[in-house]
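Undergrad: Sequence and predicted model, in that order:
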Amino acid sequence: MIKRGITVFALALLLAVPAAFAADGGAIVKKCGSCHKLTGPAVKTIAEVKARKAPDLFYAGSKFNKDWLVGFLQNPTVIRPAGTVYANHIKTTGDTDTVAPAPKCESKLSAGDAAAAADYLMTLKDAKMKTGVAKVGEFSKAKAKMLIIKTEACNGCHSIEGNGGLSCPTWEGIGKRLNPDWVYSFVQDPQYWDPKVWMGKRELDDASMQLIVNYIASQK
Amino acid sequence: MKKGFLASLGIFTLAISAFAASPALAVEDELGNAANNYQLYCSMCHGREGDGKGQLAETLEVPPRNHTDGAYMSKRTDEQLFKTISEGGEATGFNSAMPSHNTILQKEDIRGLVKHLRQLCNCKYAK
């Protein structure tokens, strides 16, 4: 009797475990670790940066907007036209350097799995990032563009409204993708997030930061 | 006895060669690292070969410097090059499209880059 009870219990467990795991975001995301770093801290040497296959995800919950994640994980688009590490994807042909086609994210999740994975990714937060800093609302687009294009030349590296460099992530749809508080933090101190990233730190006052954050948030 | 002597001779030679090799290695490492740094932080503008033909070059208001131009580069002192790389173009009277690197790179990295530039131009400072 007792023995039979145990067998039934064990059987039930066996059946329950896979069912519970089918939509377990943590288990889905674990597989992405073949390309993405899922635990911190970020790498600190050039050799490690050059070996990086894909962007770090261990602070995904601070960086991304959840709705964007759910869509992207089902159907990834190109964000970095010259790859995660630009220097690995350029070649010199004749007189100029050209960009070799960069690998896309290989996530191809179903809608259900994408939602579960996004739920899990949103729990991966950076404990130190200040929230509620970005004030998204009315802003002067003309002033923002003056700062972004003329003063800071962000378009040197980023493609903005269809024009600009390829060595860094495009701003097309960037407002859907990124959490404004994270944008604020990253622009102020990129090396806090990624010690060897090739974007320089900028000393900008809060008013300028809000212009940048608002402009980025408006790029949907 | 003889064996022991040979063994210690062996260790001695090893120690000497290690000692002799280390300064050379250090330099090679420094330049190897500098070449990597150059690819990661400079090539998008100055080109993989340092000839100023990087992929971003066309989008910049001012063309990036051609670092293989010995005639021009020999007019710049190592200190001037260091300062431009560290603090950016604006700090030394050049265009602000040349970004600062002092929050990204250590002083040793920047010194390594100056040496790397001297290799690219195959030149040194000459008045």
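TA: Received it, and whenever you're ready, just let me know what you need.

Undergrad: any low-confidence regions in the chain?
TA: As the question left the chain open, I've gone with chain A. A:1-22 (pLDDT under 70).

Undergrad: Wait, chain B was what I had in mind.
TA: Using pLDDT under 70, chain B drops low at B:1-31.

Undergrad: Identify the residues contacting the residue minimising distance to the centre of it.
TA: Nearest residue to the geometric centre of chain B (C-alpha atoms, centre = their mean): B:Leu113, 2.4 Å. By C-beta atoms under 8 Å, 6 or more residues apart in numbering or on different chains, the contact set of B:Leu113 is B:34, B:37-38, B:42, B:85, B:105. To be clear about C-beta, it is placed using only N, CA and C from the backbone, and glycine gets the same treatment.

Undergrad: again with B:Tyr72
TA: Contacts of B:Tyr72 (C-beta under 8 Å, 6+ apart): B:65-66, B:121.

Undergrad: Redo the residues you listed as TSV? Include neighbour count and distance to A:Ala127.
TA: Output for the contacts of B:Tyr72, formatted as TSV (neighbours: other C-beta atoms under 10 Å in any protein chain shown; distance: C-beta to C-beta, whole Å):
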residue	neighbour count	distance to A:Ala127
B:Arg65	22	43
B:Asn66	17	46
B:Cys121	18	47
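
Undergrad: taking these one by one, which sit in strands?
TA: Per DSSP state E, strands hold no members of those.

Undergrad: So which of these are in helices?
TA: B:Cys121 (DSSP state H).

Undergrad: Tell me who's in contact with residue 57.
TA: Since no chain was named, I'll use chain A. So A:Leu57 contacts A:29, A:32, A:36-38, A:121, A:124 (C-beta under 8 Å, 6+ apart).

Undergrad: Correction: the question concerned chain B.
TA: A:96, B:45, B:47, B:63-64.

Undergrad: ok, of those, which come out buried?
TA: Applying a neighbour-count criterion of 16 or more other C-beta atoms under 10 Å in any protein chain shown, the buried members of the contacts of B:Ala57 are B:45, B:47, B:64.

Undergrad: B:Gly52 is in contact with the last one, correct?
TA: If I follow you right, that is B:Pro64. Yes: using C-beta atoms under 8 Å, B:Pro64 is in contact with B:Gly52, at 4.9 Å.

Undergrad: list residues touching both of these two?
TA: B:His46.

Undergrad: before we move on, the earlier item: out of the buried ones among the contacts of B:Ala57, just show me the ones up against chain A, please.
TA: B:45, B:47 (C-beta under 8 Å from any C-beta of the partner chain).

Undergrad: ok, of the buried ones among the contacts of B:Ala57, which one's closest to chain A?
TA: B:Gly47 (5.6 Å; C-beta to the nearest C-beta).

Undergrad: how near is the closest one to A:Pro55?
TA: B:Gly47 is 25 Å from A:Pro55, where distance means C-beta to C-beta, to the nearest Å.

Undergrad: before we move on, what about A:Cys105?
TA: From A:Cys105 over to A:Pro55 (counting by C-beta to C-beta), the distance is 9 Å.

Undergrad: Run through the helices of the chain in chain order.
TA: Since you didn't name a chain, this refers to chain A. A:2-21, A:25-30, A:46-50, A:60-63, A:66-74, A:111-121, A:141-145, A:174-177, A:180-188, A:190-193, A:206-218.

Undergrad: Actually, chain B is the one I wanted.
TA: According to DSSP H, the helices that chain B contains are B:2-41, B:43-46, B:70-73, B:78-87, B:107-121.

Undergrad: Could you list the residues in contact with stretch A:203-217?
TA: Contacts for stretch A:203-217 (C-beta under 8 Å, 6+ apart): A:134-137, A:139-141, A:143-145, A:147-148, A:152, A:171, A:174-175, A:178, A:180, A:183-184, A:187-188.

Undergrad: out of those, which are buried?
TA: Buried, going by 16+ other C-beta under 10 Å: A:134, A:139, A:144, A:147-148, A:152, A:171, A:174-175, A:178, A:180, A:183-184, A:187-188, out of the contacts of stretch A:203-217.

Undergrad: for those residues, which one is nearest chain B?
TA: A:Glu152 (8.7 Å).

Undergrad: I'd guessed the closest one sits against A:Arg202; true?
TA: Yes: at 6.7 Å, A:Glu152 counts as touching A:Arg202 under the criterion of C-beta under 8 Å.
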